[in-house]
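> A structural model of the following input is requested.
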Amino acid sequence: DILAQAAGCRIRKSLMAPVGEATIAPPKPYDTSGVEVVNRPELGGAAAVAARNFNAGEQVFCEQTLVVASASTNLARVRAYCGLPAESRIAIREEFFRDTPAVRCAATAALRPDAAGSGDSAADVLHALRGEGHSELTLKEVEEVISVWNLNAYDCVLAPVACKVNHSCAPNIFVSVDVDAGEIRATACRPISIGDSLGSWYFQDTGLWWMGADVRRALFETDRGFICACSRCQQPDVCRALPCDVCSSGHVIPHRAAGAMVQQDWCCNGCGRRAAGDTARLSAEAEFVQCALLELRPPKGAQRLALEELLTVDASVRARLGPRHWAAAAMSLVLHYRARPAGGKLDAFTVACGCRFLGWLLDCGLPLPPAGIIRTPLTVALDCASVLAPLASNETTTSFSDRRCLVARLLTQFLLPVFDASGQPVAQVANTGKRVEALRNWLRGLQGTCGHCSCQLAANGDASVPGPAPLACSKCKQVRYCSRD
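Sure thing, here's the model as predicted:
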């Protein structure tokens, strides 16, 4: 998610003291009392945890930014740092600097000697700023500042508490930056208990959230130089489930052994068999994962597969990896967009593909993330629900297979919980907020209407008497629709 860019560099003249030291309480709305910074060795050291319980949609913290750069370039960031008082500059390096990751990654690429001459390397930045009169700068200092920004900042902003929020593949907060107000805010996207580690999603590529841990890990190492140790990455990787060849009813799922950095054993959730993994299936997984990634993110100028070829690949993925692997879900998503008739409107097939992708996502049971990192699944859910919800003029509640149960499930288990907790940042995009509210009103009508005869359900038989609607229609005696799961 690309946060707003600063119009100009505005420097915050004072640093908030580290948590645990005596500080002057910031004026409202700044409030970090709900966060504590503790040592979590499994997460790499100092980490932000919840100091109390939070409900979904509740503000976890709001703090003033330390410094804002005018652009997301190393030159702009170090220039912003140079505008700080000397004591603040020292504090930033001492408080936020960590050892450079041993793995070569994009975050520290500018520090390598072979990066000189690229225009934004540490050596290039030092040369440019010395030309602006900052003769006191050293190469070591510039390298430390670049490392601090690239490994701790939210876009072009540094803030003390936010910088202690670790990445999580199951994020429980959404972090937003208001550059004009000079503040950074975190909102809970689901209930958070006291002592829980606070985690946000670090990366621009939001599609990674529903992919396998092996794909996420490869990007994390390339981009930030670390191997994620969040709670989700320590658990069985349900997005990579493969059919069990022994019991034929369960699925084998990769498990990470205690202390291991990658998943090693595959365990069946049906028969309990544990093994290293079937070589043929793992080979097929490597092949089809690359195919799915190419179709999801085709390189510029690359020729896309024709619809007939996509259908063949989709069938092959399902035959060799089964329907529970994320690559199979990815092909459903690709077909949802690429198989649409001329004009781009949804038809029965593309709606079915979208529902198949969303059904897989819900069945995985992943903790609901912030709306900002699942914009594509939200859009798919909105589009499919908008097509499935209304009845056609020639349809009645008994003349067709009632598809409204699909819409009700999408709304109650996915769209509404996500949007109510963290939907504000995406509400104005393509009328998303208005479309969600229209579907919410439709659901209220569904829950108060008999699904058989369309009679309005009344509490205790009298619409004027408050109370819950009855479980059965008083007119046709049928069980009301919304009592059926």
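
> can you pull the contacts of the residue nearest the centre of the chain?
Central residue check for the chain by CA atoms, centre = their mean: the C-alpha nearest the mean position is that of I373, 3.4 Å away. By CB atoms under 8 Å, 6 or more residues apart in numbering, the residues touching I373 are D1, P171, W201, T206, W209. From N, CA and C alone the C-beta is placed, and that goes for glycine too.

> highest neighbour count among those residues?
Counting neighbours by other CB atoms under 10 Å, P171 comes out on top of those with 27 neighbours.

> rewinding a little: just give the closest residue to the residue nearest to the centre of the chain, not the sequence neighbours.
T206 (4.3 Å; CB to CB, 6 or more residues apart in numbering).

> gap between that neighbour and C247?
T206 is 35 Å from C247, where distance means CB to CB, to the nearest Å.

> same deal with S147?
For S147, the distance to C247 - CB to CB - is 50 Å.

> and those two? Which one has more around it.
The neighbour count for S147 versus C247, taken as other CB under 10 Å, is higher for S147 (22 against 15).

> and that one, that's in a helix?
Yes. The secondary structure assignment for S147 places it in a helix, going by DSSP: H, G, I helix; E, B strand; the rest coil.

> these two touch, right, it and L111?
Yes. In terms of CB atoms under 8 Å, S147 counts as a neighbour of L111; the distance is 6.7 Å.

> so what's D245 up against?
If you count contacts by CB under 8 Å, 6+ apart, then D245 has D278 around it.

> in this structure, which spans are helices?
Listed in chain order, the helices found in the chain under DSSP state H are 74-82, 86-96, 122-131, 139-152, 213-223, 231-234, 279-296, 307-321, 326-338, 348-364, 375-388, 404-410, 416-422, 432-447.

> in JSON lines, list these along with mean pLDDT and distance to S454.
Formatted as JSON lines, the entries for those read as follows, by pLDDT from 0 to 100; distance: least, CB to CB, whole Å:
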{"stretch": "helix 74-82", "mean pLDDT": "93", "distance to S454": "61"}
{"stretch": "helix 86-96", "mean pLDDT": "83", "distance to S454": "61"}
{"stretch": "helix 122-131", "mean pLDDT": "92", "distance to S454": "68"}
{"stretch": "helix 139-152", "mean pLDDT": "88", "distance to S454": "57"}
{"stretch": "helix 213-223", "mean pLDDT": "86", "distance to S454": "47"}
{"stretch": "helix 231-234", "mean pLDDT": "89", "distance to S454": "43"}
{"stretch": "helix 279-296", "mean pLDDT": "91", "distance to S454": "42"}
{"stretch": "helix 307-321", "mean pLDDT": "96", "distance to S454": "38"}
{"stretch": "helix 326-338", "mean pLDDT": "97", "distance to S454": "31"}
{"stretch": "helix 348-364", "mean pLDDT": "95", "distance to S454": "23"}
{"stretch": "helix 375-388", "mean pLDDT": "94", "distance to S454": "17"}
{"stretch": "helix 404-410", "mean pLDDT": "86", "distance to S454": "12"}
{"stretch": "helix 416-422", "mean pLDDT": "92", "distance to S454": "23"}
{"stretch": "helix 432-447", "mean pLDDT": "89", "distance to S454": "10"}
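
> would TSV of those helices with distance to A51 be doable?
Listed next are the helices of the chain as TSV, based on distance: least, CB to CB, whole Å:
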stretch	distance to A51
helix 74-82	30
helix 86-96	20
helix 122-131	37
helix 139-152	21
helix 213-223	28
helix 231-234	19
helix 279-296	39
helix 307-321	43
helix 326-338	35
helix 348-364	31
helix 375-388	31
helix 404-410	35
helix 416-422	20
helix 432-447	32
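
> of all those, which one is nearest T187?
Taking CB to CB, helix 416-422 is the member of these nearest to T187, at 5.9 Å.

> now do that closest one: distance to the chain's middle.
Distance, stretch centre to chain centre, for helix 416-422: 13 Å (CA atoms, centre = their mean, to the nearest Å).

> that helix - contacts with which helices or strands?
With contacts defined as 3 or more CB pairs under 8 Å, 6 or more residues apart in numbering; DSSP states H and E, the packing partners of helix 416-422 are strand 183-188, helix 432-447.

> which other helices and strands contact the longest one?
On a contact count with 3+ CB pairs under 8 Å, 6+ apart, helix 432-447 meets helix 375-388, helix 404-410, helix 416-422.

> would you mind getting the angle between it and helix 375-388?
40 degrees (axes from the mean of the first three to the mean of the last three CA atoms, to 10 degrees).

> for helix 432-447, which positions count as buried?
Judged by neighbour count (16 or more other CB atoms under 10 Å), helix 432-447 contains these buried residues: T432, R435, V436, L439, W442, L443, L446, Q447.

> same check, this time on stretch 48-59
A48, V49, A50, A51, F54, A56, G57.

> need the contact list for the last one.
Contact partners of G57, counting by CB under 8 Å, 6+ apart, are T187, A188, C189, D420, A421, S422.

> if you set the cut-off to 7 Å instead, what comes out?
For G57, the contacting residues are T187, A188, D420, A421, by CB atoms under 7 Å, 6 or more residues apart in numbering.

> just the buried ones out of these, please.
T187, A188, A421.

> nearest to R324 among those?
When those are compared for distance to R324, the smallest value, 26.8 Å, is given by A421; criterion: CB to CB.

> hang on, that closest one packs against E58?
No. Distance between A421 and E58: 8.9 Å, which falls outside the contact criterion (CB atoms under 7 Å).

> who does A188 bridge with?
With DSSP bridges as the criterion, the beta-bridge partners of A188 are I173.

> so it sits against F54, correct?
Yes. The pair A188 and F54 qualifies as a contact (CB under 7 Å) at a distance of 4.3 Å.

> returning to that earlier point: joint contacts of A421 and E58?
The overlap between the contact sets of A421 and E58 (CB under 7 Å, 6+ apart) consists of A188.

> follow-up on the earlier one: want to throw the buried residues of stretch 48-59 into TSV with pLDDT and distance to H255?
Written out in TSV, the entries for those read as follows (pLDDT from 0 to 100; distance: CB to CB, whole Å):
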residue	pLDDT	distance to H255
A48	94	28
V49	96	26
A50	97	28
A51	97	33
F54	96	30
A56	93	29
G57	92	33
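
> any idea which of these is closest to L307?
The shortest separation between L307 and any of the buried residues of stretch 48-59 is 40.0 Å, and it belongs to A56 (by CB to CB).

> so what's the closest one up against?
A188, C189, R190, P191, A421.

> ok, now how distant is the residue lying closest to it once chain neighbours are set aside from A76?
Nearest residue to A56, sequence neighbours excluded (CB to CB, 6+ apart): A421, at 3.9 Å. Counting by CB to CB, the gap from A421 to A76 is 33 Å.
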